[in-house]
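>>> sharing a model that was predicted from the sequence below.
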Amino acid sequence: MAPGTGTAEGSAKARLVLLALAAGQFLMALDSSVMNVSIATVAEDVGTTVAGIQGAITAYTLVMAMFMIPGGKVGALIGRKRAFMIGCVIYGCGSLTTALAPNLPVLLIGWAFLEGIGAALILPAIVALVARNFPTERRPAAYGMVAAAGAIAIAVGPLVGGVATTYFSWRWVFAGEVLMVVGILLLARPIADAVSDERPRIDLIGTVLSALGLGSFVYGVLRSDEWGWFQPKPDAPALLGVSLTVWLMLLGTGLIWLFLRWEARLVKQHKEPLLDPAMLQNKQLNGGLTMFFFQYLVQMGVFFLVPLYLSVALGLSALETGARLLPLSATLLAAAVLIPRFLPDVSPRRVVRLGILALLVGAVVLMAALDADAGAEVVTIPMLLIGLGMGALASQLGSVTVSAMPEEQSAEVGGVQNAVTNLGASIGTALAGSILIASLTSSFLTSVEQDPAVPASVKSQATVELQSGVPFLSDAQLQSALEEAGASAEQTQRVLDANAAARLDGLRAALAILAFAALIALFFTQRIPTTQPGSTKP
């Protein structure tokens with residue numbers, strides 16, 4: 001099928017198509033952040049622990065990562081629109097199951113399994129359907145809107161979750177998702193399908209290898225904060241004295257290597273592969289995927305750290321925390337929409353470089369602004385800058401990756417693209433969390449050990465708990481623990497001061513790592529093209 005054939009014609013129809021696809025992306029991203037502020041409430045309601053709910057969130061990410069590449073191939077087999085709509089139905093069933101879940105096993109079936117499978121079908125199909133329904137010159141704006149919808153969902157997720165949990169019930173969030181799915185299915189009617197003339201087969205061995213490889217790697221990363229990256233934490237599982245995180249990441253890498261070798265073998269035998277490894281040798285696609293990885297690494301690291309600072313260090317409510325993230329949504333949406341509209345022929349490489357620079361500067365400004373006397377207002381300028389950077393990247397990267405390959409491979413590109421973003425997001429969150437806790441622990445212990453007014457019993461208890469992976473504690477939580485330990489008012493205040501200073505040290509260290517990641521990303525922008533897809537300009 002020729003590119004551009006059957007593209008959405010008429011502004012009203014095009015808006016409906018874009019609204020349906022953007023709403024799908026919004027819904028998929030919402031689940032990654034909406035329940036983080038309500039974990040304790042959900043755990044109590046379904047009769048489990050906080051660790052059980054965190055496990056459900058981890059499982060959702062894991063199922064998506066495992067089946068993203070096969071999900072893209074399913075779209076080529078049955079049609080991208082059909083894959084999108086079936087994915088929405090599965091996701092809606094998962095949301096309904098979660099909303100009605102009486103216990104953790106049912107919650108896991110709905111939230112982790114059904115919603116994860118639905119997302120693995122929906123996300124690659126969205127990439128392909130944008131390519132099918134919009135002409136080349138309009139794709140940057142369309143991809144920008146879709147990507148912006150996903151990022152905004154992550155930003156407003158804590159606000160939505162906070163409102164629902166505070167005034168209604170967390171179950172209404174998932175009930176609302178069911179209604180959104182119904183709305184998306186109605187809006188999806190004018191979407192032009194993209195169906196292959198051939199009947200490709202599903203490579204079962206490749207599916208198993210890719211799912212186990214990506215699943216092992218991502219699971220290892222997600223458990224790194226609990227197990228340790230290299231040296232195992234006390235009571236954490238280990239093999240040959242090394243944390244299981246390392247072994248799972250190595251296992252995942254080895255399985256992915258075997259997957260690519262298997263796929264190359266199928267190509268040589270002229271059989272249908274799950275993914276043609278030659279795709280990954282394409283310089284433009286490779287460059288776009290690399291930028292996606294770094295964007296989501298920095299983006300999800302920031303979305304992990306900033307709400308933590310606002311809610312724990314400053315004691316803001318979920319509603320106040322969500323409101324402080326709104327400036328990011330404003331500049332993100334503005335950049336994603338306005339850059340393609342007013343600068344349709346701008347160099348994608350230049351926009352991507354400026355976007356990465358905005359992420360870098362935003363992280364550095366936030367790092368410099370953090371202070372013991374700082375209030376919530378210090379995040380405003382960094383959020384504006386980071387949102388601008390994310391919007392600039394969103395306006396270009398989707399079009400860059402899809403235009404690198406023939407249109408009939410757009411679903412496969414979508415599968416790989418979403419697998420890479422999932423990987424970047426997992427590593428960004430885990431890395432930021434690990435650096436934060438490691439720096440906080442080191443700073444806190446050093447401060448407490450050097451303070452003669454803090455008794456040895458408190459020092460000993462603090463050392464044991466921190467080395468076991470103590471969470472990021474608020475002043476109220478720490479004060480309650482100290483009172484139970486029988487610490488005096490003076491001792492309590494000294495430890496609280498040490499904790500407040502250590503928290504800032506941890507946040508600064510984590511932000512420094514994210515800024516460094518953005519700096520590294522600048523060296524890979526050379527692979528981004530200098531002309532827009534379909535442009536006749538040299």
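Nice, I can see it.

>>> next structured bit after the helix or strand hosting residue 128?
Applying DSSP states H and E as the criterion places residue 128 in helix 115-133. Once the chain leaves helix 115-133, the next helix or strand it forms, by DSSP H and E, is helix 139-167.

>>> quick check: angle from that next one to helix 115-133?
Our comparison of helix 139-167 with helix 115-133, counting by axes from the mean of the first three to the mean of the last three C-alpha atoms, to 10 degrees, yields an angle of 150 degrees.

>>> counting contacts, what elements does helix 139-167 pack onto?
On a contact count with 3 or more C-beta pairs under 8 Å, 6 or more residues apart in numbering; DSSP states H and E, helix 139-167 meets helix 11-30, helix 115-133, helix 171-187, helix 283-308, helix 318-324, helix 326-342, helix 380-394, helix 397-403. No exception for glycine: its C-beta is placed from N, CA and C like everyone else's.

>>> wait, which of those is closest to residue 152?
With distances scored as C-beta to C-beta, the stretch of those nearest to residue 152 is helix 326-342 (4.7 Å).

>>> mind exporting the C-alpha coordinates of whichever helix or strand comes after the closest one to CSV?
For helix 326-342, the following helix or strand on the C-terminal side (DSSP H and E) is helix 348-369. Coordinates of the C-alpha atoms in helix 348-369 are reproduced here as CSV (Å, rounded to 0.1, in the frame of the first residue of the first chain):
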residue,chain,number,x,y,z
PRO,A,348,14.5,17.5,13.3
ARG,A,349,18.1,17.2,14.6
ARG,A,350,18.1,20.9,15.7
VAL,A,351,14.8,20.5,17.5
VAL,A,352,15.9,17.2,19.2
ARG,A,353,19.2,18.9,20.3
LEU,A,354,17.3,21.8,21.8
GLY,A,355,14.9,19.5,23.5
ILE,A,356,17.7,17.5,25.1
LEU,A,357,19.3,20.8,26.2
ALA,A,358,16.1,21.9,27.8
LEU,A,359,15.9,18.6,29.7
LEU,A,360,19.5,19.1,30.8
VAL,A,361,19.1,22.7,31.8
GLY,A,362,15.8,21.9,33.7
ALA,A,363,17.5,19.2,35.7
VAL,A,364,20.5,21.4,36.5
VAL,A,365,18.3,24.3,37.5
LEU,A,366,16.2,22.1,39.8
MET,A,367,19.4,20.6,41.3
ALA,A,368,20.7,24.1,42.1
ALA,A,369,17.4,25.3,43.4
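
>>> for helix 348-369, the averaged confidence score.
Taken as a whole, helix 348-369 carries a mean pLDDT of 93.

>>> what angle do it and helix 283-308 make?
Counting by the same axes, to 10 degrees, helix 348-369 points 20 degrees away from the direction of helix 283-308.

>>> okay if I get the helices and strands packed on helix 139-167 as a markdown table plus distance to residue 260 and mean neighbour count?
Rendered in a markdown table, the data for these read as follows (distance: least, C-beta to C-beta, whole Å; neighbours: other C-beta atoms under 10 Å):
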| stretch | distance to residue 260 | mean neighbour count |
| --- | --- | --- |
| helix 11-30 | 26 | 20 |
| helix 115-133 | 18 | 28 |
| helix 171-187 | 34 | 18 |
| helix 283-308 | 14 | 24 |
| helix 318-324 | 41 | 21 |
| helix 326-342 | 33 | 20 |
| helix 380-394 | 27 | 26 |
| helix 397-403 | 18 | 26 |
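
>>> mean pLDDT for these: which is lowest?
Ranked by mean pLDDT, those bottom out at helix 318-324, with a mean of 78.

>>> helices and strands around that helix, which ones?
helix 139-167.

>>> got the buried residues for the helix it packs on?
For helix 139-167, the neighbour count (16 or more other C-beta atoms under 10 Å) marks 139-165 as buried.
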